[in-house]
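> no FASTA, just this:
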């Protein structure tokens, strides 16, 4: 059975900013009737990071998990990530040599370059989700990201 829709749900978390962080991505394939045909959960952590880096890493990891160019919808609660792509902030950053309009270096340039290359590979529709508002897969991403964050700061 071929999925009618592919969705990517993402979230990042950080304990302190900077501090230990976690990210999560959930890939969902839905049938034509909207039921979930297949679902995969991904997560990871970094012992010293920022929330914005974890938000970026969640989207990057989800897109990297796709084996071929795919049409999909990314559901995200991070305005930072979504606006930079959808509103085209990255176009100005690149034109200015990875500087902001205030002539400051763009933070997280390494991750932005990776994400933008992946965005070019796929046909993406972006959907803003309000975080912590009871949206089931967004809440699940938050749980996974927070759990990953906890493992990042666990001793040992």
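Now that the structure is in, tell me what you want to look at. Note that this is a predicted model, so its numbers are computed, not measured. Numbering: from 1, shown residues only.
> Spatially central residue in this structure, please.
Central residue of the chain (Cα atoms, centre = their mean): residue 59, 2.4 Å from the mean position.
> which of the residues in stretch 95-111 are buried?
Buried residues in stretch 95-111, counted by 16 or more other Cβ atoms under 10 Å: 106, 108, 111. All C-beta atoms are positioned from the backbone trio N, CA, C, and that covers glycine.
> Which elements pack onto the longest strand that the chain contains?
Across the chain, the longest stretch assigned as strand under DSSP state E is strand 36-49. In this structure, strand 36-49 packs against strand 19-30, helix 51-64, helix 136-153, with contacts taken as 3 or more Cβ pairs under 8 Å, 6 or more residues apart in numbering; DSSP states H and E.
> Compute the inter-axis angle for it and strand 19-30.
On the basis of axes from the mean of the first three to the mean of the last three Cα atoms, to 10 degrees, strand 36-49 is oriented at 170 degrees to strand 19-30.
> buried sites along strand 36-49?
42-46, 49.
> give me every residue that touches residue 76.
Contacts for residue 76 (Cβ atoms under 8 Å, 6 or more residues apart in numbering) come out as 9-11, 55, 59, 82, 126-129.
> How about residue 74?
7-8, 10, 59, 62, 82, 124-127.
> same check, this time on residue 90
84, 112, 116.
> Go through the helices and strands packed on strand 36-49 and find the least confident stretch.
With a mean of 92, helix 136-153 has the lowest mean pLDDT of the helices and strands packed on strand 36-49.
> For it, list every residue counted as buried.
When burial is assessed from 16+ other Cβ under 10 Å, helix 136-153 yields the following buried residues: 137-142, 144-146, 148-149, 152.
> Nearest to residue 17, out of these: which one, please.
Of all these, residue 17 sits closest to residue 149, with 11.4 Å by Cβ to Cβ.
> sorry, back to before: what residues does the longest strand of the chain touch?
Identification of contacts with strand 36-49 by Cβ under 8 Å, 6+ apart yields 1, 3, 14, 18-31, 53-54, 57, 61-62, 65, 140, 144-145, 147-149, 151-153.
> are any of these buried, and which?
Among the contacts of strand 36-49, those buried by neighbour count (16+ other Cβ under 10 Å) are 14, 19-30, 53-54, 57, 61-62, 140, 144-145, 148-149, 152.
> how about the contacts of residue 76 in a markdown table, adding distance to residue 120?
A markdown table is the format used below for these (distance: Cβ to Cβ, whole Å):
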| residue | distance to residue 120 |
| --- | --- |
| 9 | 21 |
| 10 | 18 |
| 11 | 23 |
| 55 | 19 |
| 59 | 14 |
| 82 | 16 |
| 126 | 14 |
| 127 | 19 |
| 128 | 21 |
| 129 | 23 |
